[in-house]
Every structure is written in C-alpha cells, then in structure tokens.
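[1] What follows is a predicted protein model with its sequence.
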Amino acid sequence: MPAASILDYSSTISGVLPVLAWLYNHKNLDKGLKIAGIFFLVAFFVDILLELMTTMGVVNNMPLIHLFIVINILFFTAIYYNAFFKPSVKKAIIALAGLALLIVVFNIIFVEGIWEYPSLSITVLSVLLICFSLAYFYQLLNRQEFIHIEKQGLFWINSGVLFYFAINIFLFMLFKHFSKDEKQEYYMIHSTSNTIANILYTVGLLCKPQKIT
C-alpha cells in the first residue's frame, strides 16, 4: 500500500481519539470543551463519509467539503467565544466569523462554485482560526492568576488548531496549481499534520479542570 494511502487512513482513524477522550472525560469538561468534543465527533463522521464516497466511486465530493468549512466556522466561533473573557473580543470574534461566512457563501455562489476545490474558503478559514488561536495564546499568557497552561484543556486544542492550519494554509491556497505528484505530497503533509493535531485535541479533552490560585 502506498505511503500516502497509509497516512490517509491513519489520519482518518486518528479522528476517533478526541471523540473517545470527549466521551470518557465529558463530565469534567467546561462548555467550550464540550462544544469542541461535539465538533470532533462531527468531523470524524465527515472524514468517514469522505472515505466511503471515495470507495463508492463518487467523482466529486466538493459540496461536502464546502459544507464542512461552514461547520468549522460555526463550531470554532462558539468554542472561542466561550474561551475569551473580554466582551469586546467576543464581539470581534462574532464579527470576524460573520465576515468569513459571507466570503465562503460568496465563493460558493459566485467564484469557485460548489463543485470546485474551495481554495479561497479554506484559506479564509485558516486565517480566521490562526488569528483566533494566536489571540487565545495572548490571553492565556497574560492572565493575572497563576495557572499551569499545560493543564488547560483548551491550551492543547488551541495548539492543535494553530499547528494544523499554520502547516497547511499555503497548501490550501496553492492546491489547484499542484501537479498530480505534488498533490500526493500535499496529502501526505496534510494527513501527518492532521494526525498530530488529533493527538493534541485528545490530550486537551483528557485534561481535568485546574484550580486557579
């Protein structure tokens, strides 16, 4: 079996890890982490559905990818909205997410279309979540209370978000311009980074609440 296929299957299977962690530690999670767990469950089913569509010979699965981008924006907006303390930042999150959704819908209708790879939409999603994750790290590192950041569940999830989208953003942007061989390399990079991100998400969802002193 080609290495790209092995990495792809590993990436898909790794999606079950955060789901199991969410189910195991559900009672100890705060609202934001519970929302994250639901998202990872949805993401795992989407990955499985994409694999099944490929196995069944479905030629074009782009509509599902477009839909999943919208799902990403909605869920991560809810996660980060609950993660920030300042009302002004919460309002900024809503505004930026609304703008991203408008661009995605505009792209579906007028630019790339629902049957084409959504380079523009997934790039917008990447920029949005990189900004959210960096802003959260800034808040986390400037807390007045003493906390062990490595024991904060959202620290690990946020790390996974930043790692995944920072690694892949330029691949998303340039995917349409890649040759067949270059796309194989893209899938290998994407599968590897997705597996690592899922491990980080799993660690985050296994964290217990930490008392602030």
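    Structure received. Numbers count the residues shown, from 1 in each chain.

[2] So which residues of the chain form helices?
    3-14, 16-25, 31-55, 62-83, 87-106, 119-141, 153-174, 180-206 (DSSP state H).

[3] what comes up buried for the longest one?
    Just to be clear, that refers to helix 180-206. 186-188, 190-191, 193-198, 200-206 (16 or more other C-beta atoms under 10 Å). Backbone N, C-alpha and C define where each C-beta goes, glycine included.

[4] Tell me where the model's unsure across the protein.
    Low-confidence segments of the chain (pLDDT under 70): 1, 144-146, 209-213.

[5] Grab the most central residue of it for me.
    Val161 (5.6 Å; C-alpha atoms, centre = their mean).

[6] Quick one: residues contacting that residue.
    For Val161, the contacting residues are Phe76, Leu129, Phe132, Ser133, Ala197, by C-beta atoms under 8 Å, 6 or more residues apart in numbering.

[7] and what of Gly153?
    Taking C-beta under 8 Å, 6+ apart, we find Gly153 in contact with Leu29, Asp30, Leu33, Gly204, Leu205, Leu206, Cys207.

[8] re the thing from before, please identify the deepest-packed of the helices of the chain.
    Ranked by mean neighbour count under mean count of other C-beta atoms under 10 Å, these are led by helix 153-174, which reaches a mean of 20.

[9] now the angle from it to helix 119-141?
    150 degrees (axes from the mean of the first three to the mean of the last three C-alpha atoms, to 10 degrees).

[10] Tell me how far helix 153-174 lies from the chain's centre.
    Relative to the chain's own centre, helix 153-174 is displaced by 7 Å; criterion: C-alpha atoms, centre = their mean, to the nearest Å.

[11] Take that helix, keep the C-alpha atoms, and write them as CSV.
    The C-alpha coordinates for helix 153-174 follow below in CSV (Å, rounded to 0.1, in the frame of the first residue of the first chain):
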residue,chain,number,x,y,z
GLY,A,153,-7.6,21.6,28.0
LEU,A,154,-8.1,24.5,25.6
PHE,A,155,-4.4,25.1,25.5
TRP,A,156,-3.8,21.8,23.8
ILE,A,157,-6.8,22.1,21.5
ASN,A,158,-5.7,25.7,20.6
SER,A,159,-2.2,24.3,19.9
GLY,A,160,-3.6,21.7,17.6
VAL,A,161,-5.6,24.3,15.7
LEU,A,162,-2.6,26.6,15.2
PHE,A,163,-0.3,23.7,14.3
TYR,A,164,-2.8,22.2,11.7
PHE,A,165,-3.8,25.4,10.0
ALA,A,166,-0.3,27.1,10.1
ILE,A,167,1.2,24.0,8.4
ASN,A,168,-1.5,23.6,5.8
ILE,A,169,-2.6,27.2,4.9
PHE,A,170,-0.2,27.6,1.9
LEU,A,171,-1.0,24.1,0.7
PHE,A,172,-4.7,25.0,0.8
MET,A,173,-4.0,28.2,-1.1
LEU,A,174,-2.0,26.5,-3.9
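
[12] between that helix and helix 180-206, how many degrees?
    Here helix 153-174 runs at an angle of 170 degrees relative to helix 180-206 (the same axes, to 10 degrees).

[13] Tell me which residues touch the nearest residue to Leu101 once chain neighbours are set aside, please.
    The spatially closest residue to Leu101, leaving aside those adjacent along the chain, is Ile73, at 5.7 Å (C-beta to C-beta, 6 or more residues apart in numbering). Contacts for Ile73 (C-beta under 8 Å, 6+ apart) come out as Ala97, Ala100, Leu101, Val104, Leu125, Leu128.
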